[in-house]
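Engineer: this is a predicted model, with the sequence first.
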Amino acid sequence: MGLVCDATPQWAQLDAHFQSWGARFDLVQAFATDAQRLEKLSQQAPYVFADLSKNWLQESTEQQLSALARACGVHTVRDAMLAGAAVNTTEERAVMHWLLRTPPDAGLLQTHPVVQAWEAPVQQALQQVHSTLDAMLALAEQVRSDERITDVVNIGIGGSHLGPEVVVQALEDWVTPGKNFHFVSNVDGHELGHVLRKVKPQSTLFLIASKSFTTAETMLNAHSARTWFLANGGTETDIQRHFVALTTNTAAAAQFGVTRTLGFWDWVGGRFSLWSAIGLPIAIAIGAEQFKNLLHGAHAMDAHFFSAPDAQNLPLRLGMLDVWNRNFCGFGSRCIAPYSHGLRRLTAYLQQLEMESNGKRVTRDGKPLQVATAPVVWGEPGTNGQHAFFQMLHQGPDVIPVEFIALRDGGKYLGAHHQSLVINAIAQAQALMVGRSGEGIERDCPGNRPSTFLLLQALDPASLGALIALYEHRVFVAGAVWGINSFDQWGVELGKKLAQSLRERQQSNDWAGVDPSTRALMQRLAESPLNGN
């Protein structure tokens, strides 16, 4: 679907482009010499305004990056994804999470030529999506109206946990009164125990989120929750009302004792699944109408990504900026700084989305890559981060791009608190660029440190949907340039398999071929007081 990225003429041209001016590029000077810099390097996309002008790039850089994207087949892979082709090549699956937020009539994508040429499988999948969506929203409304249920406990891990958690937390001002939401993912029993101490069996609904209903961490927590439920007054019959399975393995769910199930499809990856039945806790929290608004915002960003020209295509521009920063500027990490308490778990969500998707060193064709891929994504909400790691951002030896996310409308807290919050975000972006000098070397800040500023009108369902979809497509763009499959995660599977092997060896006491360090650690575990030794 395109040449290996660093074998293209465009890659060599971009490298020469950076070498000719990048080492001496000065952001302050760039603004001083180009009165149109902000206009050229910022734009309004659906629900999100983006200012890219404080990055180490020029208008000509973006033009060359767009050419690289075309040489690497980004647009071809994008259209193949929209057509329902198996772009997840290692698992031979389509990638259609965008279909989960597409209206029955294709909505804003109606006139797209690829959509107009959809074949029967995609049309059928869209019908199934809306049949499942209707069933999910009906169940959500039923739970919302049931005053006996005061607590909802979502048990999942990875995308089955992070997606719903980040959205419910972000939209907490929209959550229905009288319902509390808890998210359990860690196999550490302290997390589940902490939640169970807060709830009562007769007023709690457990959601077991596992496509296969075999995910080790999820099922251990689910069985422990079931045991607790039965030990504290619940009955086998009660499980039918107090447990719901979000899975395609209805037989395993029935064996567990759950007959209320909602499923989804193999073309929905875990980290892209919050729009599916995995989003049931979101729908219970904010209601059917607002869940539809979440989908609408994401669909608006989908249509923008699939249709907008390169120069005004924000997911494409951000994805190519990520390639520019990683491969040409040499930045190994990116700091996410959401200036919103509601987005306090966004960084954790983005860590999985980006590093699990693009943290790979082999192309989709099985060839070793000679270039770096996903950067380390990290961060903390502002203003807390300012009093923790921003010191390093301003004065440390490493240049680390910062991504600020802020809201124009603070909702209930529009007054002095919100004004101070957003002004702090803007000031930090300015400080990273302009720096400080002349007050003693220990106080000097070099400045010229790049940042991106994303501004939402408000943290409402539609805006949040658009923001998350923006990140999904941005990650796709970078992965397509690198030529990797952004939709598998074989590295995750390795640790799971080894953990299962260690459990089996522990039972058989067979350590043949196991390295001395691993064997010694397992021996210490066997000798711990918890094992009676």
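Structural biologist: Nice, thanks for sending it over. Residues are numbered from 1 along each chain as shown.
Engineer: pull out the buried residues from the lowest-mean-pLDDT helix or strand in the chain.
Structural biologist: Here the helix or strand of the chain ranked lowest by mean pLDDT, DSSP states H and E is helix 490-508, holding a mean of 89. Within helix 490-508, the residues that count as buried by 16 or more other C-beta atoms under 10 Å are 502, 505. The C-beta positions use only the backbone N, C-alpha and C, and glycine is treated the same way.
Engineer: so that it lines up with my notes, have the first residue be 56 from now on.
Structural biologist: OK, 56 is where the count begins now, so the last one is helix 545-563.
Engineer: for it, packing partners?
Structural biologist: helix 271-286, helix 571-581 (3 or more C-beta pairs under 8 Å, 6 or more residues apart in numbering; DSSP states H and E).
Engineer: now render these as JSON lines, adding distance to residue 109, mean pLDDT and mean neighbour count.
Structural biologist: Output for the helices and strands packed on helix 545-563, formatted as JSON lines (distance: least, C-beta to C-beta, whole Å; pLDDT from 0 to 100; neighbours: other C-beta atoms under 10 Å):
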{"stretch": "helix 271-286", "distance to residue 109": "40", "mean pLDDT": "96", "mean neighbour count": "18"}
{"stretch": "helix 571-581", "distance to residue 109": "46", "mean pLDDT": "93", "mean neighbour count": "12"}
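Engineer: what ranges do the strands span in this protein?
Structural biologist: 97-100, 103-106, 206-210, 235-239, 259-264, 298-301, 316-317, 388-393, 431-434, 457-464, 506-513 (DSSP state E).
Engineer: distance-wise, check the nearest residue to residue 259 once chain neighbours are set aside relative to residue 71.
Structural biologist: Nearest residue to residue 259, sequence neighbours excluded (C-beta to C-beta, 6 or more residues apart in numbering): residue 206, at 4.6 Å. Counting by C-beta to C-beta, to the nearest Å, the gap from residue 206 to residue 71 is 60 Å.
Engineer: domain map for the chain?
Structural biologist: 175-337, 548-586 (automatic domain parsing).
Engineer: highest mean neighbour count out of those?
Structural biologist: domain 175-337 (a mean of 19; mean count of other C-beta atoms under 10 Å).
Engineer: re the thing from before, distance to residue 198 added to the helices and strands packed on helix 545-563, as JSON lines?
Structural biologist: Output for the helices and strands packed on helix 545-563, formatted as JSON lines (distance: least, C-beta to C-beta, whole Å):
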{"stretch": "helix 271-286", "distance to residue 198": "17"}
{"stretch": "helix 571-581", "distance to residue 198": "40"}
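Engineer: right, and those - which one's nearest residue 233?
Structural biologist: Nearest to residue 233 among the helices and strands packed on helix 545-563 is helix 271-286; the distance by C-beta to C-beta comes to 21.1 Å.
Engineer: the inter-axis angle of the closest one versus strand 206-210?
Structural biologist: Using axes from the mean of the first three to the mean of the last three C-alpha atoms, to 10 degrees, the inter-axis angle of helix 271-286 relative to strand 206-210 is 140 degrees.
Engineer: pull out the buried residues from the longest helix that the chain contains.
Structural biologist: With secondary structure taken from DSSP state H, the chain has its longest helix at helix 335-362. By neighbour count with 16+ other C-beta under 10 Å, helix 335-362 contains the buried residues 335-343, 345-362.
Engineer: please apply the same query to stretch 365-378.
Structural biologist: In stretch 365-378, counting by 16+ other C-beta under 10 Å, buried: 365, 368, 369, 370, 371, 372, 373, 374, 375, 376, 377, 378.
Engineer: re the thing from before, and the pLDDT for the residue nearest to residue 259?
Structural biologist: Per-residue confidence (pLDDT) for residue 206: 98.
Engineer: residue 457 touches residue 390, doesn't it?
Structural biologist: Yes: taking C-beta atoms under 8 Å as the definition, residue 457 is a contact partner of residue 390 at 4.6 Å.
Engineer: shared neighbours of these two, anything?
Structural biologist: Common neighbours of residue 457 and residue 390 (criterion: C-beta atoms under 8 Å, 6 or more residues apart in numbering): residue 448.
Engineer: dump the residue contacts of residue 170.
Structural biologist: 137, 161, 164.
Engineer: now do 6 Å
Structural biologist: With contact taken as C-beta atoms under 6 Å, 6 or more residues apart in numbering, residue 170 is in contact with 161, 164.
Engineer: what about it, distance to residue 227?
Structural biologist: From residue 170 to residue 227 the distance is 35 Å (C-beta to C-beta).
Engineer: test my guess that the residue nearest to residue 259 contacts residue 261.
Structural biologist: No: here residue 206 does not reach residue 261: they are 9.4 Å apart, not a contact under C-beta atoms under 6 Å.
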